[in-house]
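Undergrad: My questions concern the predicted model and sequence given below.
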Amino acid sequence: MHDSVVELTTSGTIATLTLSRGKVNALNPPFVSAIQRDLDSLASDEAVRAAILTGRGSFFSFGFDIPEFLQYSKDEFKQYLESFTALYTSIFVHPKPIIAALNGHTIAGGAMLATACDYRIMTTGNAKISLNEISFGSTLFAGSVEMLEHLLGTRRSATVALSGAMYSAEEALELGWIEETCKPEQLKLLAKKRATAYAEKDAVAFQHIKMLLRAQWRSV
């Protein structure tokens, strides 16, 4: 299935959502809606046991489409923020395992989506991952901070959030922000391997354990 900004493909029990909006996969309302729609369809698709979320080109996602949002009214932007926080929440509590295959730069809103996934693989080389909002005078969502703390703990989350630093794959691995690194040409195969391992687990047990692990988490 092809969308103007998201490509959804399936191979056996594994679905792959490929972000494909322009050069940097900048997030805007139609893009967020398209991702949400495909995630919702996968949740109810009994043939799919795991999903891979990745990007096209040299960017996973560079975050919000800031130039576009400069034209929005306050209410329009508020509506978008609500839909975006709903998106990363739905990834975080999705009933099926979601593997983030980070093919390139994973910045701000893009990093939030990656953090919400169950497992992250990032390519080595020039790619960076960052919650750099503080660098341009913006705050973070409470929910995104909670997800980060869920993954990294309070101390390392503070370092990431308050510095706005750009981390290489190797640095992100050391922090615990990602689980694996690989060469770009190995990403698709490795992501498929990890997704298959998740898909082979009992689906009901996986969903129940995942919900237990996230029981104290809330999105604001």
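TA: Okay, I see it.

Undergrad: Residue ranges in the chain under the pLDDT threshold?
TA: Counting by pLDDT under 70, the chain has low-confidence residues at 1-3, 216-220.

Undergrad: ok, now which residue in it is the farthest from the centroid?
TA: Going by C-alpha atoms, centre = their mean, the residue of the chain most distant from its centre is residue 73, 26.6 Å out.

Undergrad: how close does that one get to residue 33?
TA: Computed with C-beta to C-beta, to the nearest Å, the distance linking residue 73 and residue 33 is 18 Å. (Each C-beta comes from the backbone N, C-alpha and C, glycine too.)

Undergrad: Is residue 16 part of a helix or strand, or is it coil?
TA: Assigned state for residue 16: strand (three-state reduction, DSSP: H, G, I helix; E, B strand; the rest coil).

Undergrad: Could I get the contacting residues of it?
TA: The neighbours of residue 16, taking C-beta atoms under 8 Å, 6 or more residues apart in numbering as the test, are 7-10, 51-52, 54.

Undergrad: could you say what helices and strands the one helix or strand residue 32 maps to packs with?
TA: According to DSSP states H and E, residue 32 maps onto helix 29-43. For helix 29-43, the elements it packs on are strand 6-11, strand 14-19, helix 74-92, judged by 3 or more C-beta pairs under 8 Å, 6 or more residues apart in numbering; DSSP states H and E.

Undergrad: So what touches that helix?
TA: 1, 3-6, 8, 15, 17, 19, 21, 25, 48, 51, 65, 79-80, 83-84, 86-87, 90-91, 94-96.

Undergrad: And those residues, which of them are buried?
TA: Among the contacts of helix 29-43, those scoring as buried are 3, 5-6, 8, 15, 17, 19, 21, 25, 48, 51, 65, 80, 84, 87, 90-91, 94, 96 (criterion: 16 or more other C-beta atoms under 10 Å).
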